[in-house]
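Enquirer: Kindly return the folded structure for what I paste below:
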Amino acid sequence: MKIIDELMESFRDCPDFIAKKVVLTRGKTGYLLFLETLIDPEWVQQRFLEPLLTLDFSAISASTLPESNFVYIRTISSPDAGSLRNAILSGFVILMTAEEGLALTGYPAEKNRYGLHDSFVKDLHVNLGLLRRGIASYNLKLRVLKIGELSPGKVGVAYLEGAVQPELLAELTCRIERLKVDGVVGTGQLERLVRDFPWSPFPQFQATERLDKAIAALLAGKLLIMLDGDPVTMIAPVTFFDFFQEPDDLNGNGFIGAFIHWLRLLAAGLAIFFPAMYVAVMAYHYYIVPVHFLSVLAESRVRVPFPPVIEVLIIETVVELLRELALRLPHYIGVIVGVVAGVLLGLAAVFTGAISGFLLIVSMVALIASLVLPAHDLNFSLRVLKFVAIFATALFGVLGFVVTASVIFAHLVTMESLGRPYFQPVIPFQPSGFKDIFIRTPCSHLRKMMPGLSRNKKGEG
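Expert: Numbers count the residues shown, from 1 in each chain. Sure thing, here's the model as predicted:
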């Protein structure tokens, strides 16, 4: 049947699409079509297929089927591929016969696991269903790959056909298929295996459990990497500025969104360089501080027995230990213990003269700045670079500070994510990408695609 062939082509690379040939009574045949991520296959078998096989189709049409056997039924005497695609994506079961198509809904109250959740779960099959709830299009595809020799696993690469560039999809699938590993226990480990720069401290894929962020990425022409058994999904390719954005930013006023975005960029700079600036000023370049302010700094350090770099390393090490403490303990206990321990240690250190009160302010500002960032994987990178900047500044003063900042910038400029420039739209310079990076224009002026990723459609850039 021509319509069946069209539907099979439309749902190519959709492993949840079921097209089953069934033999009805008196030799009549048909095709059963549905998405098993939207309709429970057991329900289809028990409540639909089994009662259907007992009916005499030579004397019964869709309009005369007993309503006691089916929740809802509709006859399509002249079906077309477009209407059937929409019905399948809406959660209908389609029975195609030579004379007519029957579209039946699923059960009235769907199972909870197929609902539109706020985050992904561990089951790859269910995650595909969640994506279909947000993107009701047959262009949503999932390419399932095998990975692992001793412990085989399934990796799903989700994409939106017509939005993603074919070479991106081919590059990612090629990298995954080339892997020769015993097994993969998480998407984070998989990201490290397929990333462009293995030794870079910066994340090259974006991790998320949020369904809305994943859907936005698909609509922007990006790829989703989902590992069966892990609720964390990886988005690729990404840019450095993607880690400063949240889906909620587009829901508010454009001026407020731009302000928050600039605030996050400032926070990233403070998280890396603020403690190093303290070391540079107090150890080498105190003469650049105004005299009246210099006296305040000198007074705060009168009782401190350590040089500035040791003082900074002590307080920053304690801060990192408190972070790990909060992570390892149960959530509520970890938060309470971390706050209480931080307050008590800070007060004790200042009152005993172990550290200066001004350094405590500097350290807390750097801590708060790092927590402002929405991406936790970028947060870890900035924490490591903070210590690099401190050591370089301690050895060479402001020269070490400038060299560290220059090396970080040069590294960001040369990086790539899945073969795409990591620092775009700044380098390479793409003015159109600034609409959603440094300024917030009205939604009607925003590009639907990620800068540098053009639609796979004729006539579109």
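Enquirer: can we go C-alpha only for contacts and neighbour counts from here?
Expert: Will do.
Enquirer: Could you tell me which residues within the longest helix belonging to the chain count as buried?
Expert: Counting residues, the longest helix in the chain under DSSP state H turns out to be helix 254-283. Under the neighbour-count criterion of 16 or more other Cα atoms under 10 Å, helix 254-283 has 254, 257-258, 260-261, 264-265, 267-282 buried.
Enquirer: Which is the succeeding secondary structure element to that helix?
Expert: Heading C-terminal from helix 254-283, the first helix or strand you meet, by DSSP states H and E, is helix 291-300.
Enquirer: could you give me the average pLDDT of the helix or strand that comes right after that next one?
Expert: Moving toward the C-terminus from helix 291-300, the next helix or strand (DSSP H and E) is helix 308-328. For helix 308-328, mean pLDDT rounds to 86.
Enquirer: elements contacting helix 308-328?
Expert: Under the contact definition 3 or more Cα pairs under 8 Å, 6 or more residues apart in numbering; DSSP states H and E, helix 308-328 sits against helix 254-283, helix 331-352, helix 357-372, helix 376-396.
Enquirer: ranking these by mean pLDDT, which is last?
Expert: helix 331-352 has the lowest average pLDDT among those, namely a mean of 74.
Enquirer: if we look at it, which residues are touching it?
Expert: Under the contact criterion Cα atoms under 8 Å, 6 or more residues apart in numbering, helix 331-352 has outside partners 319, 322-323, 325-328, 355-357, 360.
Enquirer: Taking these, please make a PyMOL selection of just the buried ones.
Expert: Only the buried entries of the contacts of helix 331-352 go into this PyMOL selection, using 16+ other Cα under 10 Å:
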select buried, resi 319+322+323+325+326+355+356+357+360
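Enquirer: Just the closest of the contacts of helix 331-352 to Leu84, please.
Expert: Leu327 (49.4 Å; Cα to Cα).
Enquirer: Distance check, the closest one against Ala349.
Expert: Distance from Leu327 to Ala349, counting by Cα to Cα, to the nearest Å: 24 Å.
Enquirer: got it, and Glu311?
Expert: 11 Å.
Enquirer: just checking, Glu6 is part of a strand?
Expert: No. The assignment for Glu6 by DSSP: H, G, I helix; E, B strand; the rest coil gives helix, which leaves it out of any strand.
Enquirer: count of residues packed around it?
Expert: 15 (other Cα atoms under 10 Å).
Enquirer: got the contact list for the residue nearest to it when sequence neighbours are not counted?
Expert: Leaving out its chain neighbours, the residue that sits closest to Glu6 by Cα to Cα, 6 or more residues apart in numbering is Ala81, at 6.6 Å. By Cα under 8 Å, 6+ apart, the contact list for Ala81 reads 3, 6-7.
Enquirer: I'd like to know how far Trp262 sits from Leu224.
Expert: 27 Å.
Enquirer: Name the SS class of Ile235, please.
Expert: Ile235 - assigned by three-state DSSP - is strand.
Enquirer: no wait, Trp43
Expert: Strictly by three-state DSSP, Trp43 counts as helix.
Enquirer: Now for the nearest residue to Glu246 once chain neighbours are set aside, how many residues are close by?
Expert: Nearest residue to Glu246, sequence neighbours excluded (Cα to Cα, 6+ apart): Pro374, at 7.1 Å. Residue neighbour count, defined by other Cα under 10 Å, stands at 14 for Pro374.
Enquirer: Can you name the residues that contact Pro374?
Expert: Pro374 neighbours (Cα under 8 Å, 6+ apart): 243-246.
Enquirer: how about these in TSV, adding neighbour count and secondary structure?
Expert: Putting those into TSV (neighbours: other Cα atoms under 10 Å; DSSP: H, G, I helix; E, B strand; the rest coil) gives the following:
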residue	neighbour count	secondary structure
Phe243	21	helix
Phe244	20	helix
Gln245	19	coil
Glu246	16	coil
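Enquirer: Surely Asp228 is in contact with Pro152?
Expert: No. Counting by Cα atoms under 8 Å, Asp228 does not reach Pro152; the two are 10.5 Å apart.
Enquirer: Give me the more crowded residue out of those two.
Expert: More crowded of Asp228 and Pro152, by other Cα under 10 Å: Asp228, with 22 against 13.
Enquirer: Please report phi then psi for the more buried one.
Expert: For Asp228, the backbone dihedrals are phi -60, psi 120 (criterion: degrees, to the nearest 10).
Enquirer: From Arg178, how far off is it?
Expert: Taking Cα to Cα, one finds Asp228 at 19 Å from Arg178.
Enquirer: Quickly list what's touching both of Glu311 and Ala349.
Expert: Ile355.
Enquirer: so where is the stretch 1-150 of the chain shaky, pLDDT-wise?
Expert: Applying pLDDT under 70 to the stretch 1-150 of the chain flags the ranges 1, 22-29, 46-80, 97-118.
Enquirer: The same query, at a cut-off of 50, please.
Expert: 60, 62-72, 99-117 (pLDDT under 50).
Enquirer: can you map out the strands along it?
Expert: Listed in chain order, the strands of the stretch 1-150 of the chain (DSSP state E, counting those that start in this stretch) span residues 17-23, 29-35, 73-76, 93-96, 101-104, 140-147.
Enquirer: thought Pro428 was touching Arg420?
Expert: No. At 10.3 Å, Pro428 does not count as touching Arg420 under the criterion of Cα under 8 Å.
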